[in-house]
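[1] Whatever this is, show me its structure:
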Amino acid sequence: MTDAGGTGQAGGSPHDTLMWEVRAAPARLPELLAWVRERAVPELLTRPGCQRVEVFDAPDERVVVIAWFAGAAGRLPDPPAALLRREPHAWPFRHLLTYRPAED
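    Numbers count the residues shown, from 1 in each chain. Okay, the predicted model is just below:
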C-alpha cells in the first residue's frame, strides 16, 4: 500500500481520517466491493476510535473508502491481489471543518 503523506501529526492533532482508493481488475469490481464490505469495513469498525466508514465506487471500477477516527487513523488490510488493477493508495488526513446547507 502506498502511504502518501505519512501518518504523523500536524499542528499537534493526529491525522484522524483515512482515504483509501483502488481500481479493480477488469470485471472484478463486484468481488472487490464484496471484500470491502465483508472484510475491510468490519476490520476498520473494530479498530480503536473508529467512528464511521463510508464506501464509494466510480464508473472506472474505482473504489474509495473514507474512515473517520477519534485519534490517529487506522489502515485497511491488504486486498487480494487478483482483485486489483493496481496497488491501493491511502492518504491520512486531519479533519478540519464540516459544512452543511442552511435549513429553510
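
[2] Which strand or helix spans residue 44?
    Applying DSSP states H and E as the criterion places residue 44 in helix 41-45.

[3] which residues sit against that helix?
    With contact meaning CB atoms under 8 Å, 6 or more residues apart in numbering, helix 41-45 is reached by 50, 53, 55, 65, 67, 74, 76, 77. C-beta coordinates here come from the backbone N, C-alpha and C atoms, glycine included.

[4] 7 Å instead?
    Applying CB atoms under 7 Å, 6 or more residues apart in numbering, the external contacts of helix 41-45 come out as 50, 53, 55, 67, 74, 76, 77.

[5] With residue 64 as the reference, measure out to the third one.
    Using CB to CB, to the nearest Å, residue 55 is found at 7 Å from residue 64.

[6] Same question for the first one.
    With the distance defined as CB to CB, residue 50 ends up 17 Å from residue 64.

[7] Pick out whichever of the two has more residues nearby.
    Set residue 50 next to residue 64 and count neighbours by other CB atoms under 10 Å: residue 50 wins out with 19 against 15.

[8] surely that one meets residue 65?
    No - when contacts are counted by CB atoms under 7 Å, residue 50 is not listed as touching residue 65 (11.9 Å).

[9] Can you classify residue 79 by secondary structure?
    State at residue 79, reduced to three classes by DSSP: H, G, I helix; E, B strand; the rest coil: coil.

[10] doesn't residue 33 make contact with it?
    No - Residue 79 sits out of contact with residue 33 when judged by CB under 7 Å, with a separation of 10.7 Å.

[11] The two: which has the busier surroundings?
    Between residue 79 and residue 33, counted using other CB under 10 Å, the more crowded position is residue 79 (21 against 16).

[12] Tell me the pLDDT of the more buried one.
    We have a pLDDT of 97 for residue 79.

[13] For the closest residue to residue 92 other than its chain neighbours, which residues are in contact?
    Spatial nearest neighbour of residue 92, chain neighbours left out: residue 15 (3.5 Å); criterion: CB to CB, 6 or more residues apart in numbering. Neighbour list for residue 15: 7, 72, 73, 92, 93, 94 [criterion: CB under 7 Å, 6+ apart].
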